[in-house]
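> Give me a 3D structure for the following:
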Amino acid sequence: MPDLDSVAEALYGLDPGDFVAARSDFAAQAREAGDRDLTAAIGRLRKPTVAAWMVNLLARERAEELAALLDIGSALRTAQRRLSGSDLRKLSEQRRRVVAALERDAGRLAAERGRTVSETALREVGRTLNAALSDPEVGEQVRQGRLDAIVEADGFGDLSAMPLTVVRDRSGREEEQEHPKSQGDDTMRAEAERTAREAEIDAAAAALDTAHSTADEARAAAATAERELARHESEVADLRAGLEHAEQQRTFARRAAAEAKKRVVAAERAVSAAEAHLARTKN
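Residues are numbered from 1 along each chain as shown. Next up, the predicted model:
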């Protein structure tokens, strides 16, 4: 019987549509083996969303590219600590390119497995990758490829922290002060803070774009649903009218059939009478 780690590895590589049945199979195997703890642990594994499954696909099929992205995240955090504006700008541009490329790869990998994914799911993949960049723990979760839901993060933290040093005042007491700042330090810090603000503005603009896109999709879906409802209501009205007409025609046909049967009976009686009269005349 496999352990929980190997079960999770197998389950989170499956299409979400196959997850529940496979989890039940693994749980049944553990139950038959008498391992109650493993059975319960398998039962707690959650079915992944489509976006989480796509990130898991990247961890399995694009491991090198994902590792390169996580390396960029480490470099970004280092650049923040050093307040290196030029490095932040360069690394941020690399981050955007690699995240966009991995989003496209995730869509292609899903399509190869017969799934058509929405733009919303692709954006969720991008947000999870950005979260992995900013948080090493999230990065490790993404690397393992066992996510059951997307992960989001706010950014790369506070860029304003300055290193402290211990100095002595005239009385000999120790005080903590910031390092003396040269004009170059001021320029570098201002550049880093501007880069951070630009990143925040980019994130806010992206969030606004996402909200607009979501609203547009919702409006389009509502309009489509209204059109479908109107079409079906029209079809129902036509069917009801046709049914009413058919019922009327059925009533007329029943009456006509009853009258025809009466005429048949009368005609058959007339035939019998004529036959009897003919017989009497011959005799």
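> Can you tell me how far R240 is from Q248?
Distance, R240 to Q248, by CB to CB, to the nearest Å: 13 Å. C-beta coordinates here come from the backbone N, C-alpha and C atoms, glycine included.
> swap in M54?
58 Å.
> Compare these two and say which is more crowded by neighbours.
Comparing M54 with Q248 by other CB atoms under 10 Å, the one with more neighbours is M54, at 28 against 10.
> Show me what the helix or strand where the more buried one lies packs onto, helices and strands only.
Per DSSP states H and E, M54 falls inside helix 50-61. In terms of contacts (3 or more CB pairs under 8 Å, 6 or more residues apart in numbering; DSSP states H and E), helix 50-61 is packed against helix 63-82, helix 85-112, helix 119-134, helix 136-144.
> any idea which of those helices is most buried?
Comparing the helices and strands packed on helix 50-61 by mean neighbour count (mean count of other CB atoms under 10 Å), helix 119-134 comes out on top with a mean of 22.
> Does anything pack onto that helix? Which helices or strands?
helix 50-61, helix 63-82, helix 85-112, helix 136-144, helix 183-282.
> Any chance of TSV for those helices, columns distance to V20?
Below are these laid out as TSV (distance: least, CB to CB, whole Å):
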stretch	distance to V20
helix 50-61	13
helix 63-82	27
helix 85-112	19
helix 136-144	21
helix 183-282	26
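> and of the ones you listed, who's closest to D37?
Of all these, it is helix 136-144 that lies closest to D37, at 21.4 Å by CB to CB.
> Give me the helices and strands touching that closest one, please.
The contact analysis (3+ CB pairs under 8 Å, 6+ apart) places helix 136-144 against helix 50-61, helix 63-82, helix 119-134.
> just flag whichever of these has the lowest average confidence.
Of all those, the minimum mean pLDDT falls on helix 63-82 (a mean of 77).
> what's the spacing between that helix and its chain's center?
26 Å (CA atoms, centre = their mean, to the nearest Å).
> now for that helix, which elements pack on it?
Contacts defined by 3+ CB pairs under 8 Å, 6+ apart place helix 63-82 against helix 50-61, helix 85-112, helix 119-134, helix 136-144.
> What lies in contact with the helix holding M54?
The contact list for helix 50-61, computed with CB atoms under 8 Å, 6 or more residues apart in numbering, reads 12-13, 15-16, 48, 65-66, 102, 105-107, 109-110, 113, 115, 117, 121-122, 124-125, 128-129, 142-150.
> let's go with 7 Å and repeat that
12-13, 15-16, 48, 66, 102, 105-106, 109-110, 117, 121, 124-125, 128, 142-150 (CB atoms under 7 Å, 6 or more residues apart in numbering).
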